[in-house]
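Compute the structure for the input listed below.
(2 chains)
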2 protein chains.
Amino acid sequence: MDVEKLAEGVAAGDRRALARAITLVESGRADHRAMAAALLSTLGTARQALRIGLSGTPGVGKSSFIEAFGTLLTGQGLRVAVLAVDPSSARTGGSILGDKTRMERLSRDPNAFIRPSPSQSHLGGVARRTREAVALCEAAGFDVVLIETVGVGQSETMVAEMTDIFVLLLAPAGGDELQGVKRGIMEMADLILVNKADGALKETATRTCADYAGALRLLRKRPQDPEGFPKAMCVSAAEETGLETAWAEMAALAEARKDSGWFARRRAEQAKRWFEEEVRAGLLARLTGDAGVRAKLEALGEAVASGERSSADAAAELLAVLRG
Amino acid sequence: MDVEKLAEGVAAGDRRALARAITLVESGRADHRAMAAALLSTLGTARQALRIGLSGTPGVGKSSFIEAFGTLLTGQGLRVAVLAVDPSSARTGGSILGDKTRMERLSRDPNAFIRPSPSQSHLGGVARRTREAVALCEAAGFDVVLIETVGVGQSETMVAEMTDIFVLLLAPAGGDELQGVKRGIMEMADLILVNKADGALKETATRTCADYAGALRLLRKRPQDPEGFPKAMCVSAAEETGLETAWAEMAALAEARKDSGWFARRRAEQAKRWFEEEVRAGLLARLTGDAGVRAKLEALGEAVASGERSSADAAAELLAVLRG
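Coordinates of the predicted model:
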């Protein structure tokens, strides 16, 4: 693979080159990792998109929302990339095959790029792959990168830590279900969108939205945000209502955070943390990357398990081997 | 410090030597770590205690339970060590000073050893310290090591992973509060003890116990356990009732698991995992142990934050430095 040529293709906004580049950063092979690092270095970080995290449990209508919201943005002349993070796909072993078929209109849109969730073995791997995919989408000139995740475990935190704005998509629900949204996730949200505010559910959606707005008012106001944020609003992906307002709110929030300098500071912090995580992952990879080390780790582990060696002592021996 | 002499003191069951040895394994200093490893190696793992994890939120009467339960055991001629794991003390910066004063009788008992929670910076550090303290208590000839933890965050999982039997201590409560116990913690419990089954609360305790027994029956039976486990029972630390039965259940469970071979297999697995964790911690310590590396990490982090360097590229440079 010619990294220079691939970089050119990505920089020119070629979606096929971008897809190939993402496949490269998803690979765990050592030679691919080296090429991925070279590619990312070549592309640099001059071009940046607005990174929006979107979380919602299955059934809230995430795909329909992205389809409608993404089409609204491309209609305004913006280029939109959609990345999916689904830690559960690591367990089922496959990507979300449905992503593209569930977003038929957007996937045919020349100004949109949709990348389904890869099958990865652990959240750490998903985090690195997603962050690098975001960098590639930015280098390819996309204006908005939407990172969607299902609301399970730590995936929201991970997505919030790599985005500028975090949106929580919810379905209309009774008062009891309100408590099902964990406080930690509420605290991460910049915007809560209650979807399906249409037809028979419209009234429930309005009530749900008011409930969440009330719950959000109980949270401490964040100094980086203008008055009124975090905010709860109703939208309907099916009727395509509320979407323009939602986008206006996101844009206004990003603008205010840019004006205060918070936006750039947060990005710098995120980049630094990402780097540190990469260093840690790289160090730990030494335990699995070399067959000799793996065998030694296994043998010493057995000696500890049988009580022959103490853990501290066996660990010291392996660490000495790794030091060379 | 003379490691040989300290090892002799610990092996002789000298409580002051044991306390000094635990202080040594709690230290983060490199020379102390080396001495701790030598000490643990010298002592070996020939002597083993029954390791019991005990979890309960503040207010359930954990200290009074340990006081009464520990005294019951020493009365039977057993030597009992009590270790505390309190991740929250890492935040407040101090040890639980009250531990010993809240267990006045047990702390004066020559066959008991009580060690309050240390102030540590993170759960990983607490885990290593606690595991090594368990090993030291075993080498000192204790028959039972009780590891108590407050019911917050991941500390229960950590304690469950280093013990043979996991006991959940609860207070009598209404039906609503039953749901407050997370399913994951219920699933870890071998024995649920509803404390304060005395005086005005006795009836509520009996009802609470029946509720938990019902909830436990809904869980899948674990193949390693005899019929009837996990189990819920009433106890009263104040009136010292139910404690003997509780101890008999724990002993019976341990016996059954020993007979089936599961006990030893689980210990071997725990030891192996502990060793692997120690290797990982030791590797990551290279990032903070050397002033030159720390400075490089900081400088590269700044370069990534400012957009000057890509994360992958900067990480590769630091990893090359660490490789030497």
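
helix, strand or coil for residue A:299?
helix (DSSP: H, G, I helix; E, B strand; the rest coil).

Quick check: the gap between it and chain B.
Relative to chain B, residue A:299 is positioned 11 Å away (C-beta to the nearest C-beta, to the nearest Å). (Glycine included, C-beta is placed from N, CA and C.)

pLDDT wise, what is that residue at?
Looking at residue A:299, its pLDDT is 96.

tell me which element whatever residue of the stretch 51-200 of chain A ends up closest to chain B is part of?
Nearest residue of the stretch 51-200 of chain A to chain B (C-beta to the nearest C-beta) works out as residue A:132 at 7.2 Å. For residue A:132, the host element (DSSP states H and E) is helix A:123-139.

Does anything pack onto that helix? Which helices or strands?
Contacts defined by 3 or more C-beta pairs under 8 Å, 6 or more residues apart in numbering or on different chains; DSSP states H and E place helix A:123-139 against helix A:3-11, helix A:15-26, helix A:30-43, strand A:80-85, helix A:87-92, strand A:144-149, helix A:155-160, helix A:262-284.

In JSON lines: the ones you listed, plus distance to chain B.
Putting these into JSON lines (distance: least, C-beta to the nearest C-beta, whole Å) gives the following:
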{"stretch": "helix A:3-11", "distance to chain B": "12"}
{"stretch": "helix A:15-26", "distance to chain B": "9"}
{"stretch": "helix A:30-43", "distance to chain B": "4"}
{"stretch": "strand A:80-85", "distance to chain B": "17"}
{"stretch": "helix A:87-92", "distance to chain B": "17"}
{"stretch": "strand A:144-149", "distance to chain B": "16"}
{"stretch": "helix A:155-160", "distance to chain B": "14"}
{"stretch": "helix A:262-284", "distance to chain B": "4"}
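
care to break chain A down by domain?
A:1-44, A:45-259, A:274-322 (the TED database).

which of these has the lowest average pLDDT?
For these, the weakest mean pLDDT is recorded on domain A:45-259, namely a mean of 86.

Quote the end-to-end distance of that domain.
Using C-alpha to C-alpha, to the nearest Å, one end of domain A:45-259 lies 20 Å from the other.

to the chain's geometric centre, what's the distance from it?
Put simply, domain A:45-259 sits 9 Å off its chain's centre (C-alpha atoms, centre = their mean, to the nearest Å).

hang on, the earlier thing: quick one: buried residues of the helix holding residue A:132?
Neighbour-count burial for helix A:123-139 flags A:123, A:125-139 (criterion: 16 or more other C-beta atoms under 10 Å in any protein chain shown).

That helix vs strand A:144-149, what angle?
Interaxial angle, helix A:123-139 versus strand A:144-149 (axes from the mean of the first three to the mean of the last three C-alpha atoms, to 10 degrees): 160 degrees.

Export only the CA atoms of helix A:123-139, formatted as PDB.
Written as PDB, here are the backbone C-alpha positions of helix A:123-139 (Å, rounded to 0.1, in the frame of the first residue of the first chain):
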ATOM      1  CA  LEU A 123     -13.200  -0.900  24.100                       C
ATOM      2  CA  GLY A 124      -9.600   0.400  24.100                       C
ATOM      3  CA  GLY A 125      -9.200  -0.800  20.600                       C
ATOM      4  CA  VAL A 126     -12.500   0.700  19.600                       C
ATOM      5  CA  ALA A 127     -11.400   4.000  21.100                       C
ATOM      6  CA  ARG A 128      -8.100   4.200  19.200                       C
ATOM      7  CA  ARG A 129      -9.700   3.200  15.900                       C
ATOM      8  CA  THR A 130     -12.500   5.700  16.300                       C
ATOM      9  CA  ARG A 131     -10.200   8.600  17.200                       C
ATOM     10  CA  GLU A 132      -8.000   7.900  14.200                       C
ATOM     11  CA  ALA A 133     -11.100   7.500  12.000                       C
ATOM     12  CA  VAL A 134     -12.200  11.000  13.200                       C
ATOM     13  CA  ALA A 135      -8.800  12.400  12.300                       C
ATOM     14  CA  LEU A 136      -9.100  10.800   8.900                       C
ATOM     15  CA  CYS A 137     -12.600  12.200   8.300                       C
ATOM     16  CA  GLU A 138     -11.300  15.700   9.300                       C
ATOM     17  CA  ALA A 139      -8.300  15.400   7.000                       C
END
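
Can you tell me, leaving aside adjacent residues, what's nearest to the residue of the stretch 51-200 of chain A closest to chain B?
residue A:25 (4.0 Å; C-beta to C-beta, 6 or more residues apart in numbering or on different chains).

which ones are touching the one you found?
By C-beta atoms under 8 Å, 6 or more residues apart in numbering or on different chains, residue A:25 lies in contact with A:36, A:39, A:40, A:128, A:129, A:132, A:133, A:136.

what about the third one, how many residues close to it?
The tally of other residues near residue A:40 (other C-beta atoms under 10 Å in any protein chain shown) stands at 24.

That one is in contact with residue B:316, isn't it?
No - using C-beta atoms under 8 Å, residue A:40 is not in contact with residue B:316; the gap is 10.6 Å.
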